[in-house]
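>>> got a sequence here, can you model it:
(one chain, ligands or ions: 1)
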Amino acid sequence: MSKVKVVFTPSGIQGEVERNTDIMSAAIQLGADIATLCGGNGQCARCKVQISEGSFAKHNIHSTVDNLSDASQTEHRKLSVGSLKNGYRLACRAKILNDIVVDVPAESQVHHQLIRKTAGNLDSQFLSGALSAIQLIQVQVEQPQLDNPSGDLERFIKATESISGLAKLAIEPCLLGSIQNTLRQGNWKVTVAIYELNKIIAIWPGKQTEFYGLAVDIGSTTIATHLCDLNTGKVIASQGLMNPQIKYGEDLMSRVSYIMMNPGGDQSMTAVVREAICDMVNLMLRETKVDRETLLDAVFVANPVMHHLFLGINPIELGGAPFALATQSSVSLAASALNLNLAKGAQVYLPPCIAGHVGADAAAVVLAEAPYQSELMTLIIDVGTNAEIILGNKEKLVAASSPTGPAFEGAQIENGQRAAPGAIERVRIDPENIRAQDKNYWL
Ligand code: FES
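Numbers count the residues shown, from 1 in each chain. Below is the predicted model:
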């Protein structure tokens, strides 16, 4: 019987199985991991997987749901019409007829990838919140009078400028619809959030003291988000997730080549990464009970390909020399322009990218570690799927980057595994007897 090739994402596990093997059996044979509660009897629907559509040059596969057997009656019963249309199938029921790329969503994985990207507080200026781009001020607004026909907005801006000492304040247009209600609800006393001394981005009735920010690192393999109290600078919640773009390619160049071969692939990647970030925001807001309307500011760092895709920019120019960026300047825009679920008027900032493959993440590392203030020569290495190296001191800094994915993050490795349960995280040798400590030592 002839063989077919199967690639599982995000694990990167791949190999050949007999044609007509069901996806679950293929996963078991190749060592990929798909959840089941019913033992493959078609009852639990825990084995739901999604077929990746398109051409994957790296694997030499044109993957489509047509490379599977038709959906069985069980699948029609267990999966919605929309799910089937979007390429979801039950792994224990769908048989592989031709080469295929199978994405195993997080809820169908037995062992979740471990993602630890804890945030450390480095600088007392950041800690004090003194460098926040947002100011909260309280404003008393004049009430309308028959003999003064000015609009509520104009009186509100005049009062805000007078109390803050700022001039020519703009307002996020999305606030216009609620301003009259807010003023009356607060009996003409409101709290105003001003962004970078020039734009009103939130208004609350009465007194408001809490406001929050989001810090996000979009890596090729993982995304880390931190929710920060902007009064204190403290991180109050964190979330990590595999970057869902992995189903389009494990490394940057695979994703760029997917886009080249699959028109519209960039838009799909933009959509999935923004959705993942929204999911993480929801989880953190639920955990901390922070009101979404107080989440006013967000900073995103990423390598150039992730940066472009997040912003909805096609990154194919980064796929070959001279690796031209769409922009190397910092980017500021409203969160609503990116369909992010923050406060209505929330703002987003991305630091500048340094060069074609040295991104805003490297710029953020330089800002945090401040080698530009040091007399001593400093070497900074950020090891991820793509690694950046920065060397220098206050005289001069140089940076370079290189793909490291398979070596450090477990894509396509034959021996060893990703950072998931079962991996050896650390080993401690007892200095007395030169033997490895047993696990109870750590409890
Ligand atoms: S393993 Fe239960 S439905 Fe497939």
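
>>> need the pLDDT of Leu227.
Among the per-residue scores, Leu227 holds a pLDDT of 95.

>>> is it true that it touches Phe211?
No. In this structure Leu227 lies outside contact range of Phe211 using CB atoms under 8 Å: 11.6 Å. In this view, the C-beta of every residue, glycine as well, is placed from N, C-alpha and C.

>>> more crowded one of the two?
Phe211 (27 against 24; other CB atoms under 10 Å).

>>> residue contacts, the more buried one?
Ile134, Leu136, Ala193, Ala202, Leu230, Asn231, Thr294, Leu296, Asp297 (CB atoms under 8 Å, 6 or more residues apart in numbering).

>>> change it to 10 Å
Shown in contact with Phe211 (CB atoms under 10 Å, 6 or more residues apart in numbering): 129, 132, 134-136, 191, 193, 201-202, 204, 228-231, 290-291, 293-297, 343.

>>> for Leu283, same thing?
The contact partners of Leu283, taken as CB under 10 Å, 6+ apart, are Thr225, Leu227, Ala237, Gln239, Leu241.

>>> next up, the contacts around the closest residue to the fourth one other than its chain neighbours.
Right, the one you point to is Gln239. Spatially, and ignoring its direct neighbours in sequence, Gln239 is nearest to Met280 (4.1 Å; CB to CB, 6 or more residues apart in numbering). Counting by CB under 10 Å, 6+ apart, Met280 touches Leu214, Val216, Ile223, Ala224, Thr225, His226, Leu227, Ala237, Ser238, Gln239, Gly240, Leu241.

>>> what's the neighbour count on Asn187?
There are 12 residues near Asn187, going by other CB under 10 Å.

>>> element containing it?
For Asn187, there is no host helix or strand (DSSP states H and E).

>>> do me a favour and get the end-to-end distance for stretch 257-275?
22 Å (CA to CA, to the nearest Å).

>>> could you do stretch 300-308 as well?
Start-to-end, stretch 300-308 (CA to CA) is 12 Å.

>>> neighbour-wise, which one of the contacts of Met280 leads?
Ile223 (27 neighbours).

>>> distance of that one relative to Met377?
As defined by CB to CB, to the nearest Å, Ile223 lies at a distance of 32 Å from Met377.

>>> give me the secondary structure label for the residue of the stretch 151-300 of the chain found nearest the ligand.
Residue nearest to the ligand within the stretch 151-300 of the chain (CB to the nearest ligand atom): Lys247, separated by 19.9 Å. Using DSSP: H, G, I helix; E, B strand; the rest coil, the secondary structure recorded for Lys247 is helix.

>>> correct me, but it touches Val273?
No. At 11.6 Å, Lys247 does not count as touching Val273 under the criterion of CB atoms under 10 Å.

>>> out of the two, which sits in the busier spot?
Taking neighbours as other CB under 10 Å, Lys247 and Val273 compare with Lys247 leading, 29 against 20.

>>> what is the burial count for the closest residue to that one other than its chain neighbours?
Counting by CB to CB, 6+ apart, Asp103 is the residue found nearest to Lys247 once chain neighbours are left out, at 4.0 Å. Residues lying near Asp103 (other CB under 10 Å) number 20.

>>> how much space between Asp103 and Val81?
Taking CB to CB, one finds Asp103 at 20 Å from Val81.

>>> got it, and Gly319?
Distance, Gly319 to Val81, by CB to CB: 37 Å.

>>> more neighbours, these two?
Higher neighbour count among Gly319 and Val81: Gly319, with 15 against 8, using other CB under 10 Å.

>>> if we can go back for a sec, quick one: buried ones out of the contacts of Phe211?
Buried subset of the contacts of Phe211 (neighbour count, 16 or more other CB atoms under 10 Å): 129, 132, 134, 136, 191, 193, 201-202, 204, 228-230, 290, 293-297, 343.

>>> who touches the residue of the stretch 101-250 of the chain found nearest the ligand in this structure?
Nearest residue of the stretch 101-250 of the chain to the ligand, counting by CB to the nearest ligand atom: Ser108, 9.3 Å away. By CB under 10 Å, 6+ apart, the contact list for Ser108 reads 33-36, 45-50, 88, 90-91.

>>> before we move on, what about Thr182?
By CB under 10 Å, 6+ apart, the neighbours of Thr182 are Val141, Asp152, Phe156, Leu175, Val190, Thr191, Val192, Ala202, Ile203, Trp204, Pro205, Gly206.

>>> now the strands for the stretch 251-400 of the chain?
295-302, 331-334, 347-350, 378-382, 386-392, 397-403 (DSSP state E, counting those that start in this stretch).

>>> whoops, the stretch 51-200 of the chain was the one
54-56, 61-63, 88-90, 100-103, 134-140, 170-171, 189-195, 199-205.

>>> turn the ones you listed into CSV, including mean pLDDT and distance to Thr327.
Output for the strands of the stretch 51-200 of the chain, formatted as CSV (pLDDT from 0 to 100; distance: least, CB to CB, whole Å):
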stretch, mean pLDDT, distance to Thr327
strand 54-56, 91, 28
strand 61-63, 94, 33
strand 88-90, 96, 37
strand 100-103, 94, 31
strand 134-140, 95, 24
strand 170-171, 96, 23
strand 189-195, 97, 21
strand 199-205, 97, 21
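
>>> neighbours of Val358, how many?
23.

>>> ditto for Thr270
20.

>>> now it: how far from Tyr248?
Counting by CB to CB - Thr270 and Tyr248 are separated by 11 Å.

>>> identify the contacts common to those two.
Leu309.

>>> show me what contacts the residue of the stretch 151-300 of the chain closest to the ligand?
Contacts of Lys247 by CB under 10 Å, 6+ apart are 7-10, 50-54, 56, 63, 101-105, 255, 258, 268-269, 272.

>>> same check, this time on Ile389
Val358, Ala362, Leu379, Ile380, Ile381, Asp382, Val383, Val398, Ala399, Ala400, Ser401, Ser402.

>>> report pLDDT for the third one.
Read that as Leu379. pLDDT at Leu379 comes out at 95.

>>> you'd agree Arg403 is up against Val256?
Let me fix one detail, which is that residue 403 is Pro and not Arg. No. Here Pro403 does not reach Val256: they are 11.7 Å apart, not a contact under CB under 10 Å.

>>> more crowded one of these two?
Neighbours per residue, other CB under 10 Å: of Pro403 and Val256, the larger number sits with Val256, 24 against 16.

>>> ok, for that one, nearest residue in space, not its chain neighbours?
Gly319 (3.8 Å).

>>> pLDDT wise, what is Arg116 at?
Predicted confidence (pLDDT) for Arg116: 63.

>>> and Ile246, by the same measure?
pLDDT, read off for Ile246, is 82.

>>> what sits closest to it if chain neighbours are left out?
Leaving aside its sequence neighbours, Ile246 is closest to Pro10 (4.0 Å, by CB to CB, 6+ apart).

>>> so which residues on this structure come close to the ligand?
Where the chain comes near the ligand, counting by CB under 6 Å from any ligand atom, the residues are Thr36, Leu37, Cys38, Gly40, Gly42, Gln43, Cys44, Ala45, Arg46, Cys47, Leu90, Cys92.

>>> right, I'll call it a day here.
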